[in-house]
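[1] from the sequence below, what's the structure:
(2 chains)
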Amino acid sequence: DAKTTQPPSMDCAEGRAANLPCNHSTISGNEYVYWYRQIHSQGPQYIIHGLKNNETNEMASLIITEDRKSSTLILPHATLRDTAVYYCIVRVPNTGRRALTFGSGTRLQVQP
Amino acid sequence: SQTIHQWPATLVQPVGSPLSLECTVEGTSNPNLYWYRQAAGRGLQLLFYSVGIGQISSEVPQNLSASRPQDRQFILSSKKLLLSDSGFYLCAWSGVGQGLGEQYFGPGTRLTVT
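    You can find the predicted model right below:
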């Protein structure tokens, strides 16, 4: 799986958009970008994934650059409940290791 | 919609005692099931996964075992707990058509071995 790089922490004001970046410059053509988050004392939560097109669901939007070397997770209207560690991972969806391997992620603090 | 349940939420057990953690999934059939452990301040470690009833694969040798007696039930067990078994145990599932990267986690069981 390609390595990812994320800033260790970010702050965001409640009600504003949170834009979480992830660099994955060594991504290969068949690898997808996945985003998860883990709220304190809870299990990880799947957010969204994509290959090369931008994706949106009820939780967030995922913007992947044209060269696919980086992506941004956007929480359009952050709330206090979005305070969590956000993980970006890159992997092939249907082959390889079954384990999800998270890096150190970005600790997002939503401020009231 | 699909839901995943784990119990108990917290557990304090003495060294040498047995362990049984249960996980059930609702709203899906023939899921892939996973047991992970997360030690304090550390990443996820996959312990076991299962692609069907009675089919268990172990990722790391350890003091634990897993069983899948029914399609949507996954059990983690130990005959004698060690201090090093303390941690946050997470059950997860993925759908056959969703790929291995899209996994849905339960609320977890926080185990303290004393």
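[2] from here on, just use CA atoms for contacts and neighbour counts.
    OK.
[3] with adjacent residues omitted, what lies nearest to B:L82?
    Leaving aside its sequence neighbours, B:L82 sits nearest to B:V15 (Cα to Cα, 6 or more residues apart in numbering or on different chains; 5.3 Å).
[4] the one you found contacts B:K79, correct?
    No: look at B:V15 against B:K79 with Cα atoms under 8 Å: they stay out of range, at 10.5 Å.
[5] quick check: beta-bridge partners of the residue nearest to the spatial centre of chain A?
    Among the residues of chain A, A:W35 comes closest to the average C-alpha position under Cα atoms, centre = their mean, at 3.4 Å. With DSSP bridges as the criterion, A:W35 is bridged to A:I48, A:C88.
[6] ok, it - contacts?
    Contact analysis of A:W35 by Cα atoms under 8 Å, 6 or more residues apart in numbering or on different chains lists A:Y46, A:I47, A:I48, A:H49, A:L73, A:Y86, A:Y87, A:C88, A:I89.
[7] A:N30: what's it in contact with?
    A:N30 sits in contact with A:L51, A:V92, where contact means Cα under 8 Å, 6+ apart.
[8] assign it to helix, strand or coil.
    For A:N30, the assignment made with DSSP: H, G, I helix; E, B strand; the rest coil gives coil.
[9] could you list the residues of chain B in contact with chain A?
    Proximity of chain B to chain A, by Cα under 8 Å from any Cα of the partner chain, involves residues B:43-46, B:49, B:90, B:99-108.
[10] close to chain B: what parts of chain A are there?
    Where chain A comes near chain B, counting by Cα under 8 Å from any Cα, the residues are A:34, A:42-46, A:91-95, A:98-103.
[11] now, which of the residues you listed lie within strands?
    A:Y34, A:Q45, A:Y46, A:R91 (DSSP state E).
[12] next, format the residues you listed as a markdown table and append distance to B:T28 and pLDDT.
    Shown next, in a markdown table, are these (distance: Cα to Cα, whole Å; pLDDT from 0 to 100):
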| residue | distance to B:T28 | pLDDT |
| --- | --- | --- |
| A:Y34 | 22 | 95 |
| A:Q45 | 18 | 96 |
| A:Y46 | 17 | 96 |
| A:R91 | 24 | 90 |
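[13] tell me the confidence at residue 76?
    No chain was given, so I picked chain A. We have a pLDDT of 97 for A:P76.
[14] looking at chain B here, not the other one
    Model confidence at B:L76 (pLDDT) stands at 97.
[15] and B:S84, helix, strand or coil?
    Going by three-state DSSP: B:S84 is helix.
[16] mind checking how far the nearest residue to it once chain neighbours are set aside is from A:L108?
    Nearest residue to B:S84, sequence neighbours excluded (Cα to Cα, 6+ apart): B:V113, at 7.7 Å. To A:L108, B:V113 is 31 Å away according to Cα to Cα, to the nearest Å.
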